[in-house]
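Enquirer: Give the three-dimensional model of this entry:
(2 chains)
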Amino acid sequence: MVTPTPKEPQSRELEALLEHPAIWCGRSAARVATRSTGYAELDAALPGGGWPAQGLVEILTSRSGVGEIQLLVPLLVQSGQLAPPRWAAWVAPPFEPYAPALVAAGVPLAQQLIIRTAQPLWAIEQALSSGGCAMVLGWPGPRPGITALRRLQLAAQRGGTPAFLFRPLGEATCSSIAELRIVCEPLPMAQPGVRPGTQPGAQLQLLKSRGGLRSPFSVHWNHGQT
Amino acid sequence: MARRERVASTRRALIRPAPLQTSQQRGRAAPLLPWSAAPTDELPFETANESWLALCGLSDDSTTRAHITTLAFDFSPRVNTDEPDAILLEVRGSFRLFGGARALCRQFVERTTSLGGSLSWALAPTPLAALALARARQQVIVLSRERLVGLLSPLPPTVLRWPEATRQRLESIGVRSLGDVLRLPRAGFAQRFGQAALQSLDRLTGAAVDLRRNHRKAERFRSRIEPSFELQSDALILRHLEPVLLDLEHFLCLRQAAIEALQLRLRHVAPHAETHLVLRFAAPQWQAAACRELLALQLARSVLPAAVISCELRSGALRPRVACSAALWRGSEQGAGVTAGVPALVERLRARLGEEAVYGLCLVPEHRPERASRIAEPALGLHVAGSDQASLTNDIAIRRSFTRRPLWLLQQPRVLPWPLAKLQLLEGPERIETGWWDGAEVARDYYIARHRDGSRLWIYRRRALPHEWYWHGVFG
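Expert: Down below sits the predicted model:
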């Protein structure tokens, strides 16, 4: 790690160079524009203290329904509170999003756009590059190629939109160009303390990040308390 | 008081056709020129401030005529096409835009002469005078009514296109010019040649109002191209459609209109039937480039049975265009019209994936879980889909009652695929027993359960025998 001494002009130049958002040192977090995730534990772990404001985020899960959408609910709510409320696109979700649950969480129903398609990559790219959506939730299907992901990344940068791609855990070993890869797993079951009514949550691990927390950590959500 | 009455009476006399002479006045041979004493500023606005441009010598060819009519709308919104051989435009309002009457006429003539034919034009304060001057090939610009009679006088009466009998009778009494006609006594003229002829004389000189019907523009755009060879590929079809799309844009710009639907009809070599492609726009559209992009997507999606021999473009009904100023910021920047991209996105997605592939959600006040959420048209307008929807989503009691609902709902409840032992019931039961009145009765006890692999499920047990367990939803 570079320890800058402010007396030397070279190190000051180096420091100026390191200000660039694309450069980060091994253990320090990259300076990226972020938006709060709504969960203190997750904010603390992520570089920049929140979800990146644009680019690809991969969320890897062993199966659907382990809490991956719950992670994004605060962001969905935030987008709806902007003036004017901004849209969120759901491309090829595995099940039907259920309106009452969204309403209960405070997600603006009028700004959700659901797209059913057999070509999710194309639809995700279109939604990202249009710049009209605050966020895109995409289920890209099995093993999207590196070229496809690169296209999505460029589209996300062009539109200034974050894309959240949900992929199976088995693809964790595939290389990816996403800025952030998160493994999301349910909290271990049958702990002695788990009783009905206990706060549910998820076990997260940052697989790839620009200087985030390495070790697994858990996030709890106040389910239904809002 | 007396003065006001006098002014009013003068005005009345000028608006109406000049009254016929009474029998006592008949012998006096009053001239036919009732306007000579009228100061122009007392004329009603309509008649005082009109300048009609007539274009004569049009052939019967309907396409040229239609083309010139379209072109005329570039110069004025008031175009009259009732004359079989001419087009009339009221252009007084456009003088300033074109830099004066002379410049306007020059531009109009320049643009029409390229269409061929032996056209002649004239500009005069009344439509009939403009027609008469143009038919006599006097290419003049007359702005004031004082000069009008002097210019009309030498013209032969044939320029008014009166019936043959009238013309012969005029000739037989030695009347050879319009000046001679105007000098005839009014009453005698009306008796010999009829009231209609006298009225047309009044309209010619501006003594009577000449109301002209405005040409109503075609309400739909329709254009067909027949290329000289068969079009094999999408790219070729698009290239041939490009000028037509530009025509469409021009057509819409002239009318300050936009369209919501566009149909492309492709004719194939026999025996294949025509292919019809329909574009529906999420927001009214008028730009050729946007239409082209959507057509390209639509063409890429459809499979054409054979080569194309002709293409026809038909627009849907015209909608008034809602213009909005362009954004100062780009889409991704702060303060930009951030939601502007969404209608275009919906359009593009629907063009390729189909209408039903893109939708929004709405809430239905209903206890049966599968009916509480419904597919809805995306609320693209500024209004949220109905105010009841807004009040529903804001109702805190309703929101609280939904807190035990899963984020994902299966389209159909499935019989529980695992043994119940693999699940741990966390919450429940919540009894939902309703719908007996419409035949889709449900009687279920819902539980929130946790699967051994960690996912949280929404399952229920039917109250009716044999109490099977079903899986209905997944908590995100």
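Enquirer: can I get the CA coordinates of stretch B:129-146 in CSV?
Expert: The C-alpha coordinates for stretch B:129-146 follow below in CSV (Å, rounded to 0.1, in the frame of the first residue of the first chain):
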residue,chain,number,x,y,z
ALA,B,129,-60.5,38.9,-59.1
ALA,B,130,-57.4,36.8,-58.5
LEU,B,131,-58.9,34.0,-60.6
ALA,B,132,-59.9,36.4,-63.4
LEU,B,133,-56.4,38.0,-63.5
ALA,B,134,-54.7,34.6,-63.4
ARG,B,135,-56.9,33.2,-66.2
ALA,B,136,-56.1,36.2,-68.3
ARG,B,137,-52.4,35.4,-67.6
GLN,B,138,-51.9,38.8,-66.0
GLN,B,139,-49.2,37.9,-63.4
VAL,B,140,-49.7,40.8,-61.1
ILE,B,141,-49.8,41.6,-57.4
VAL,B,142,-52.8,43.8,-56.4
LEU,B,143,-53.0,44.7,-52.8
SER,B,144,-55.4,47.6,-52.7
ARG,B,145,-58.9,47.5,-54.0
GLU,B,146,-58.6,50.9,-55.7
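Enquirer: Need the contact partners of it.
Expert: Applying CB atoms under 8 Å, 6 or more residues apart in numbering or on different chains, the contact partners of stretch B:129-146 are B:35, B:40, B:51-56, B:83, B:85-86, B:88, B:101-102, B:105, B:120-125, B:148, B:151-152, B:155-156, B:159-161, B:178, B:204-206. C-beta: built from backbone N, CA, C; applies to glycine.
Enquirer: what about the helices in the stretch 151-300 of chain B?
Expert: B:164-172, B:178-183, B:186-193, B:195-205, B:234-254, B:288-301 (DSSP state H, counting those that start in this stretch).
Enquirer: For the fifth one, list the C-alpha coordinates in CSV.
Expert: Output in CSV follows, covering the C-alpha atoms of helix B:234-254 (Å, rounded to 0.1, in the frame of the first residue of the first chain):
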residue,chain,number,x,y,z
ASP,B,234,-35.4,-6.2,-45.2
ALA,B,235,-32.7,-3.7,-45.8
LEU,B,236,-33.9,-3.1,-49.3
ILE,B,237,-37.5,-2.6,-48.3
LEU,B,238,-36.4,-0.1,-45.6
ARG,B,239,-34.3,1.8,-48.1
HIS,B,240,-37.3,2.1,-50.4
LEU,B,241,-39.6,3.1,-47.6
GLU,B,242,-37.3,5.9,-46.5
PRO,B,243,-38.6,8.6,-48.8
VAL,B,244,-42.2,7.6,-48.0
LEU,B,245,-41.4,7.9,-44.3
LEU,B,246,-40.0,11.4,-44.9
ASP,B,247,-43.2,12.3,-46.8
LEU,B,248,-45.1,11.0,-43.8
GLU,B,249,-43.1,13.2,-41.4
HIS,B,250,-43.7,16.2,-43.7
PHE,B,251,-47.4,15.4,-43.9
LEU,B,252,-47.6,15.3,-40.1
CYS,B,253,-45.6,18.4,-39.6
LEU,B,254,-47.9,20.4,-41.9
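Enquirer: same for it, what does it pack against?
Expert: Where contact means 3 or more CB pairs under 8 Å, 6 or more residues apart in numbering or on different chains; DSSP states H and E, helix B:234-254 is packed against strand B:222-225, strand B:257-268, helix B:288-301, strand B:308-315.
Enquirer: Contacts for that helix, please.
Expert: B:70, B:73-74, B:217, B:221, B:223, B:225, B:227, B:231, B:258-259, B:262, B:264, B:266, B:286-288, B:291-292, B:295-296, B:299-300, B:308, B:311, B:313, B:315, B:318, B:321.
Enquirer: Quick check: buried residues in stretch A:49-65?
Expert: Residues of stretch A:49-65 classed as buried: A:49-52, A:54-61, A:63-65 (neighbour count, 16 or more other CB atoms under 10 Å in any protein chain shown).
Enquirer: same thing with stretch B:469-476?
Expert: Quick answer for stretch B:469-476 (16+ other CB under 10 Å): B:469-476.
Enquirer: How about the contacts made by the one residue in the stretch 151-300 of chain B that gets nearest to chain A?
Expert: Residue nearest to chain A within the stretch 151-300 of chain B: B:Leu297 (9.9 Å; CB to the nearest CB). Shown in contact with B:Leu297 (CB under 8 Å, 6+ apart): B:348, B:351-352.
Enquirer: Now which of the contacts of helix B:234-254 would you call buried?
Expert: The neighbour count (16+ other CB under 10 Å) marks B:70, B:73, B:221, B:223, B:231, B:258-259, B:262, B:264, B:266, B:286, B:288, B:291-292, B:295-296, B:299, B:308, B:311, B:313, B:315, B:318, B:321 as buried among the contacts of helix B:234-254.
Enquirer: any idea where the strands of chain A begin and end?
Expert: Ranges of strands in chain A, per DSSP state E, are A:34-35, A:51-52, A:55-61, A:87-91, A:96-97, A:112-115, A:133-138, A:162-168, A:180-186, A:201-208, A:217-220.
Enquirer: Does the second one reach chain B?
Expert: No: remark: strand A:51-52 sits outside contact range of chain B, by CB under 8 Å from any CB of the partner chain, the gap being at least 13.6 Å.
Enquirer: Also the longest one?
Expert: No: in terms of CB under 8 Å from any CB, no part of strand A:201-208 sits within range of chain B; the closest distance is 8.5 Å.
Enquirer: between that strand and strand A:55-61, how big is the angle?
Expert: Here the directions of strand A:201-208 and strand A:55-61 differ by 130 degrees (axes from the mean of the first three to the mean of the last three CA atoms, to 10 degrees).
Enquirer: Run the chain-centre distance for strand A:201-208.
Expert: Chain-centre distance of strand A:201-208: 11 Å, with CA atoms, centre = their mean, to the nearest Å.
Enquirer: what's the answer for the fifth one, then?
Expert: Between the centre of strand A:96-97 and the centre of its chain there are 20 Å (CA atoms, centre = their mean).
Enquirer: For the most centrally placed residue in chain A, which non-adjacent residue is closest in space?
Expert: With distances taken as CA atoms, centre = their mean, A:Val57 lies nearest the centre of chain A, 4.5 Å away. Spatial nearest neighbour of A:Val57, chain neighbours left out: A:Leu180 (4.6 Å); criterion: CB to CB, 6 or more residues apart in numbering or on different chains.
Enquirer: contacting residues for that neighbour?
Expert: A:46, A:51-52, A:55-58, A:206, A:208-210, A:212.
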